[in-house]
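[1] sequence and predicted model, in that order:
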Amino acid sequence: MYTPVFEMHTTVWPSEVKLNSDYLNKELSNQFYALPQDPRSWSREEVLVWLSTMQNQHSLPPISSDRFHMNGKALCLMNVDMFVQRVPLGGKLLYKDFQMRLSSALYSSKNLLPQHA
């Protein structure tokens, strides 16, 4: 069962706020937040946590939260061009990371299915 360590609400994410805001950095540094393994189950807040983590890990320019006001299922529908359109410097990296997470989740769930002889 998945239990979030802390909750973020949409009121924290006005469209003009960048993902590298002091609030989010403080929350991420003070508390552990584990994203669900399957990105299809991510909430809007979890998508923003993933984006912030990627931005910090790869020193990407600030990403506006209003460009990704969607959950994990909506991210699954995006192609590489859609990521690049939203984040010109880093969109391909975000797309590849998301696809790797999605593939890993799909592979894991495939291995859980019973094998027919």
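    Happy to help now that I have it.
[2] neighbouring contacts of stretch 86-105?
    For stretch 86-105, the external contacting residues (Cβ atoms under 8 Å, 6 or more residues apart in numbering) are 37-40, 50-51, 54-55, 58, 60-61, 63, 67-68, 75-76, 78-80, 83-85. To be clear about C-beta, it is placed using only N, CA and C from the backbone, and glycine gets the same treatment.
[3] mean confidence for the longest helix along the chain?
    Longest helix in the chain, counting residues (DSSP state H): helix 91-112. Across helix 91-112, the average pLDDT comes to 90.
[4] likewise for stretch 47-60?
    Rounded mean pLDDT across stretch 47-60 is 96.
[5] mind listing the strands for the chain?
    All residues of the chain lie outside strands when identified by DSSP state E.
[6] what about Arg40, how many neighbours?
    Arg40 is flanked by 16 other residues according to other Cβ atoms under 10 Å.
[7] for it, give its distance to Tyr107.
    13 Å (Cβ to Cβ, to the nearest Å).
[8] also Leu89?
    In terms of Cβ to Cβ, Leu89 sits 30 Å off from Tyr107.
[9] Pro39 too?
    Pro39 sits 13 Å away from Tyr107, taking Cβ to Cβ as the criterion.
[10] from what I see, Pro36 and Val49 are in contact.
    No - using Cβ atoms under 8 Å, Pro36 is not in contact with Val49; the gap is 10.8 Å.
[11] tell me who's in contact with Val47.
    By Cβ under 8 Å, 6+ apart, the residues touching Val47 are Phe68, Met70, Asn71, Gly72, Leu75.
[12] I figured the third one hits Asp38, correct?
    The one in question is Asn71. No - using Cβ under 8 Å, Asn71 is not in contact with Asp38; the gap is 12.0 Å.
[13] quick one: the helices in the chain?
    With DSSP H as the definition, the chain shows helices at residue ranges 22-30, 44-58, 72-76, 80-86, 91-112.
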